[in-house]
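Peer 1: no sequence for this one, just the structure:
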């Protein structure tokens, strides 16, 4: 199973940008479709974005389309999430995980890293 460590979160004003990183170890990410999820206070964890193992296909939840970009570097074994035009409703703890091969919105592994906090002030 992958061990995943998220970083890059912080406090930013609305309209600002952040770049999250997810460093993987124990196994290579090259054979996995990878994704980002987030959990806001009092809410369930939700899908944000995914990118296929080859790097060709990408998927985004509607609320982040045009603002967020997921990328991956299989050599560095790292997944990124570039977040632009941030909104207060983007405030959440962000997690990465492999995603299900048949449903990109579902996590593949049952365990999660510690996540990284993103707070967007208005």
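Peer 2: Right, received. Where do you want to start? Keep in mind the model is a prediction, meaning the values are calculated, not measured.
Peer 1: Enumerate the positions of stretch 26-36 that are buried.
Peer 2: By 16 or more other CB atoms under 10 Å, the buried positions in stretch 26-36 come out as 29, 32, 33, 34, 35, 36. C-beta: built from backbone N, CA, C; applies to glycine.
Peer 1: The first one reaches residue 74, doesn't it?
Peer 2: Okay, so that is residue 29. Yes: with contact defined as CB atoms under 8 Å, residue 29 reaches residue 74; the gap is 6.2 Å.
Peer 1: what's the closest of the buried residues of stretch 26-36 to residue 17?
Peer 2: residue 36 (15.3 Å; CB to CB).
Peer 1: Which helix or strand contains the closest residue to the closest one other than its chain neighbours?
Peer 2: Using CB to CB, 6 or more residues apart in numbering and skipping residues adjacent in sequence, the residue nearest residue 36 is residue 48, 4.4 Å away. Take DSSP states H and E as the rule and residue 48 turns out to sit in strand 46-51.
Peer 1: likewise residue 71?
Peer 2: Using DSSP H and E, residue 71 sits in strand 68-73.
Peer 1: Heading C-terminal from that strand, find the next helix or strand.
Peer 2: strand 78-83.
Peer 1: Indicate each strand paired with that following strand and its parallel or antiparallel sense.
Peer 2: strand 18-25 (antiparallel), strand 68-73 (antiparallel) (DSSP bridges).
Peer 1: In CSV: the ones you listed, plus distance to residue 102, mean neighbour count and mean pLDDT.
Peer 2: Shown next, in CSV, are the strands paired with strand 78-83 (distance: least, CB to CB, whole Å; neighbours: other CB atoms under 10 Å; pLDDT from 0 to 100):
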stretch, distance to residue 102, mean neighbour count, mean pLDDT
strand 18-25, 21, 19, 96
strand 68-73, 19, 19, 96
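Peer 1: For residue 111, which of these is the nearest?
Peer 2: Proximity to residue 111 (CB to CB) singles out strand 18-25 among the strands paired with strand 78-83, at 13.0 Å.
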